[in-house]
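A.B. asks: need the 3D shape of this:
(chains A and B)
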Amino acid sequence: ETGVTQSPTHLIKTRGQQVTLRCSSQSGHNTVSWYQQALGQGPQFIFQYYREEENGRGNFPPRFSGLQFPNYSSELNVNALELDDSALYLCASSLTPNTEAFFGQGTRLTVV
Amino acid sequence: SQQGEEDPQALSIQEGENATMNCSYKTSINNLQWYRQNSGRGLVHLILIRSNEREKHSGRLRVTLDTSKKSSSLLITASRAADTASYFCAVLIIQGAQKLVFGQGTRLTINP
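C.D. replies: Okay, here's the model as predicted:
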């Protein structure tokens, strides 16, 4: 157990809908990163939050947005869902942006 | 182009044998981390090696890093059936954002 929890574990949405995924970081960690992992691929960096501010973003469109709260938990929001958004979404927390990242079990999103 | 490319893509060995996986990358890195993933679940952090380190050990795991060749290897000694999983290397790159860049992974199968 890494102490990083994600909810929900599975989710089915319809194309065009919006979704919010949640992540509770490990105690003491102020950095949360989100990754998208398509089937058979390695995880792809979406963005990172450090002390409630976005600390960098990967090559994802603006309909992928996020938040980090004062307790360092985080949300990933995806608007106007597309079929290609179907993937495992992973949250990782770390003590600082460049130390070991510990991952949650992920949320499996299916867009139909 | 892809960072953290693993080789081989798939490896099948007998229980008790050693397994070696390799990873190559293209840019300067802060550190390199190895992860294990079982059947599309969350990533388990195995080991982190910093750019100024050459070798690290953790239990049956040995990781080497050659920054001149931009490569790393993960050795699992005395393999067990429970080691069957996908293994990913991830390089921490600081280019504005601080992000882990993953390869496609090596699928390791340990045969009893």
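
A.B. asks: show me what contacts residue 80?
C.D. replies: In the absence of a named chain, this looks at chain A. A:16, A:18, A:63 (C-beta atoms under 8 Å, 6 or more residues apart in numbering or on different chains). No exception for glycine: its C-beta is placed from N, CA and C like everyone else's.

A.B. asks: wait, I meant chain B there
C.D. replies: Neighbouring residues of B:R80 by C-beta under 8 Å, 6+ apart: B:15, B:110.

A.B. asks: what pLDDT does the model give it?
C.D. replies: B:R80 carries a pLDDT score of 96 in this model.

A.B. asks: what residues does chain B have near chain A?
C.D. replies: Contact residues, chain B versus chain A (C-beta under 8 Å from any C-beta of the partner chain): B:4, B:30-31, B:33, B:35, B:40-45, B:48, B:88, B:90, B:92, B:94, B:96-105.

A.B. asks: by neighbours, which of the contacts of A:A80 wins?
C.D. replies: A:R63 (13 neighbours; other C-beta atoms under 10 Å in any protein chain shown).

A.B. asks: so what's B:E55 up against?
C.D. replies: B:E55 touches B:49, B:62-65, counting by C-beta under 8 Å, 6+ apart.

A.B. asks: redo the residues you listed as CSV? Include pLDDT.
C.D. replies: Formatted as CSV, the contacts of B:E55 follow (pLDDT from 0 to 100):
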residue, pLDDT
B:I49, 95
B:R62, 98
B:V63, 98
B:T64, 98
B:L65, 97
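
A.B. asks: same list (these) but as CSV, adding distance to A:Q105 and secondary structure.
C.D. replies: Output for the contacts of B:E55, formatted as CSV (distance: C-beta to C-beta, whole Å; DSSP: H, G, I helix; E, B strand; the rest coil):
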residue, distance to A:Q105, secondary structure
B:I49, 25, strand
B:R62, 27, strand
B:V63, 24, strand
B:T64, 30, strand
B:L65, 29, strand
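
A.B. asks: who in chain A is up against chain B?
C.D. replies: A:2, A:4, A:33, A:35, A:39-45, A:47-48, A:55-58, A:88, A:90, A:92, A:97-106, A:108.

A.B. asks: in helices only, show me the residues you listed.
C.D. replies: Judged by DSSP state H, the subset of those located in helices is empty.

A.B. asks: what pLDDT does the residue in chain A positioned nearest to chain B get?
C.D. replies: With C-beta to the nearest C-beta as the measure, A:G56 is the residue of chain A nearest to chain B, at 1.9 Å. The score at A:G56 is 89. That number is its pLDDT.
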